[in-house]
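**Student:** Sequence and predicted structure below; questions after.
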Amino acid sequence: MKKSTDRPMPIERWGWYSIGINLVLVAVHASIAAASGSLAVAAELVHNLTDLLAAIAVLLGLKLSGRRSRNFPYGLYKLENLVAAILAILIFFTAYEIARDALLMPSRPLVVSPWMLFGVVITTAIPLVFSRFEMRAGRAANSPALIADAKEYRVHVLTTGLVLASLLAHWLHFPIDRVVALFIVAAVIKTGWDLLSDAMRVLLDASLDGETLLRLRGIVEAELGHRAQCRSFHIRRSRNRAPRHGPRSSRGRHTAH
């Protein structure tokens with residue numbers, strides 16, 4: 001009997017691929033932002049840096065979470081979330097700086113060259129292609145992390161497409177650079193908020209809401225039927241990997257008695 005060689009790729013390896021893709025995007029957008037002076041390109045550069053730092057934090061967390069000791073029997077998984085919270089605050093500060101420049105900074109000349117347009121076309125195509133393969137792998141492995149990461153890359157396709165439109169519009173003497181920069185800043189703030197809220201949920205040991213607990217209790221009692229009655233319902237904490245670009249989350253495991 002022939003053994004199948006189509007084994008799913010480890011999730012951590014896709015994480016390394018994601019870091020490599022973001023490094024390429026950061027390098028290209030940094031070169032274009034420095035040469036063009038475009039706030040829209042600078043905002044997209046921050047967007048790439050946000051995802052790069054978040055991906056690095058997650059991979060570091062995967063390593064640190066395995067270091068268990070007598071004082072830390074569950075590993076150092078909360079350290080990852082602490083780093084993620086600090087990164088989110090830095091993201092908000094950077095987004096504020098870009099938004100302030102877009103709204104208040106005096107106009108400055110922009111330089112748009114064919115190589116810049118070509119570079120933005122490439123940085124639009126790379127996330128589009130990578131997201132398709134990562135989404136396929138995430139569904140095959142039933143991995144929320146990979147699926148969420150693939151969806152985030154599709155957001156990059158949209159924001160980088162806006163950058164391309166901004167540069168083309170400026171080339172045609174129709175400046176929309178500041179408006180596009182503000183749209184991308186909004187996407188950056190959303191990414192930072194998701195990162196911060198996921199991190200704080202773990203650091204504060206957030207639990208499920210009361211409505212969800214009652215619904216779960218009803219399911220358990222319906223499953224037990226007339227054989228037994230659910231006398232108590234409590235939560236045993238369990239640690240799990242969180243989706244995307246995000247830190248490790250803590251989910252409740254519910255046990256009926």
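**Tutor:** Done, it's in. Residues are numbered from 1 along each chain as shown.
**Student:** For the helix or strand encompassing Ala33, buried residues please.
**Tutor:** Ala33 belongs to helix 11-36 when assigned by DSSP states H and E. Of the residues in helix 11-36, 11, 14-15, 17-19, 21-22, 25-26, 28-29, 32-33, 36 count as buried by neighbour count, 16 or more other C-beta atoms under 10 Å. Placement of C-beta: from N, CA and C, glycine included.
**Student:** and what of stretch 112-132?
**Tutor:** 112, 116, 119-120, 123-124, 126-127, 130-131.
**Student:** The chain: strands as residue ranges?
**Tutor:** 233-240, 249-256 (DSSP state E).
**Student:** Now do the helices in the stretch 151-257 of the chain.
**Tutor:** 177-203, 210-224 (DSSP state H, counting those that start in this stretch).
**Student:** Tell me which of those helices lies nearest to Asp101.
**Tutor:** helix 177-203 (7.9 Å; C-beta to C-beta).
**Student:** Give the other helices and strands that that closest one contacts.
**Tutor:** In terms of contacts (3 or more C-beta pairs under 8 Å, 6 or more residues apart in numbering; DSSP states H and E), helix 177-203 is packed against helix 39-64, helix 77-104, helix 144-171, strand 249-256.
**Student:** deepest of the ones you listed, which one?
**Tutor:** helix 39-64 (a mean of 23; mean count of other C-beta atoms under 10 Å).
**Student:** any idea of the angle it forms with helix 77-104?
**Tutor:** 180 degrees (axes from the mean of the first three to the mean of the last three C-alpha atoms, to 10 degrees).
**Student:** pLDDT averaged over helix 39-64 - what is it?
**Tutor:** Per-region confidence: helix 39-64 scores 79 on mean pLDDT.
**Student:** same thing with stretch 96-108?
**Tutor:** pLDDT averaged over stretch 96-108 gives 82.
**Student:** Ok, stretch 127-138 next?
**Tutor:** 89.
**Student:** By mean pLDDT, flag the weakest helix or strand of the chain.
**Tutor:** When each helix and strand of the chain is scored by mean pLDDT, DSSP states H and E, strand 249-256 comes last, with a mean of 44.
**Student:** if we can go back for a sec, lowest mean pLDDT across the helices of the stretch 151-257 of the chain, which one is that?
**Tutor:** helix 210-224 (a mean of 69).
**Student:** can you pull the pLDDT of Arg237?
**Tutor:** Value listed for Arg237 in the pLDDT field: 45.
**Student:** so Thr122 sits right up against Ser31, yeah?
**Tutor:** Wrong residue type there; residue 122 is Ile, not Thr. No - judged on C-beta atoms under 8 Å, Ile122 makes no contact with Ser31 at a distance of 11.7 Å.
**Student:** picking that back up, quick one, which of the helices of the stretch 151-257 of the chain is packed in tightest?
**Tutor:** Comparing the helices of the stretch 151-257 of the chain by mean count of other C-beta under 10 Å gives helix 177-203 as most buried, with a mean of 20.
**Student:** tell me the angle it makes with helix 39-64.
**Tutor:** 20 degrees.
**Student:** and Ser107, what are its phi and psi?
**Tutor:** The phi/psi pair for Ser107 (degrees, to the nearest 10) reads phi -60, psi 140.
**Student:** what's the neighbour count on it?
**Tutor:** 8 (other C-beta atoms under 10 Å).
**Student:** And it, how far from Leu182?
**Tutor:** From Ser107 across to Leu182, the span is 15 Å (C-beta to C-beta, to the nearest Å).
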